[in-house]
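Asks: Quick one: sequence plus predicted model below, questions after.
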Amino acid sequence: MTRWLDDDEQRTWRAFMAATQLVNEALDRQLQREAGMPHAYYMILVALSEAPERSMRMSELAARAQSSQSRLSHAVARLEERGWVRRHRCDSDRRGNYAVLTTEGFAALADAAPGHVAEVRRSLFDVLTPEQQGHLAEICTALRNTLEQ
């Protein structure tokens, strides 16, 4: 038997969907306008910048970027065209590939980061009180912990 959403749950669900979509769209517009890259590419560059030796196995990068392997492969190909990422084969497992953030890619990320952070603040943190930010962190952590299992 289906447990339908009550009126309060329906309002919460729709507000959540609208808010997350609007924040993501604002971040994507800002990055496209100021850095010439979509938010998805920015998140790939961030993941690589935080990895040891700025290198990550493609399968791990796809999981980190919450992307399919084929979508990630296409994105990495575009990033390679820009000189921001390069791929190389895994020495121990010839079937595996690594994505490596280049010096140029790190510079592009560093150039894009201030505008991105400003947009994150404007779109999310500046409209919430510190208490609301704490609640949001708890809620998002609970969701992530449940859904990543």
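Replies: Cool, got the structure. Numbers count the residues shown, from 1 in each chain.
Asks: Point me to the helix or strand that includes Arg87.
Replies: strand 85-89 (DSSP states H and E).
Asks: what lines up beside that strand in the sheet?
Replies: strand 97-101 (antiparallel) (DSSP bridges).
Asks: Can you list the buried residues in the partner strand?
Replies: By neighbour count with 16 or more other Cβ atoms under 10 Å, strand 97-101 contains the buried residues Asn97, Tyr98, Ala99, Leu101. For glycine as for every other residue, the C-beta is placed from the backbone atoms N, C-alpha and C.
Asks: I figured the first one hits Asp91, correct?
Replies: It stands for Asn97. No - using Cβ atoms under 8 Å, Asn97 makes no contact with Asp91, being 11.3 Å away.
Asks: For Glu104, which non-adjacent residue is closest in space?
Replies: Gly83 (4.7 Å; Cβ to Cβ, 6 or more residues apart in numbering).
Asks: Number of residues surrounding Arg95?
Replies: 6 (other Cβ atoms under 10 Å).
Asks: Give the helix, strand or coil label for it.
Replies: When classified by DSSP: H, G, I helix; E, B strand; the rest coil, Arg95 comes out as coil.
Asks: For it, give its distance to Arg122.
Replies: 44 Å (Cβ to Cβ, to the nearest Å).
Asks: Next: Ala77.
Replies: Distance from Ala77 to Arg122, by Cβ to Cβ: 32 Å.
Asks: can you check Val76 too?
Replies: For Val76, the distance to Arg122 - Cβ to Cβ - is 30 Å.
Asks: Show me which of the two is the more surrounded one.
Replies: Taking other Cβ under 10 Å, Val76 and Arg122 do not tie; Val76 has more neighbours (24 against 12).
Asks: now this structure, which segments are flagged as low pLDDT?
Replies: 93-94 (pLDDT under 70).
Asks: Can you name every helix or strand that the longest helix seen in it contacts?
Replies: Determined from DSSP state H, the single longest helix within the chain is helix 7-35. Secondary-structure packing of helix 7-35 (3 or more Cβ pairs under 8 Å, 6 or more residues apart in numbering; DSSP states H and E): helix 39-50, helix 103-123.
Asks: For those, could you give me TSV that also reports distance to Arg87?
Replies: Below are the helices and strands packed on helix 7-35 laid out as TSV (distance: least, Cβ to Cβ, whole Å):
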stretch	distance to Arg87
helix 39-50	11
helix 103-123	12
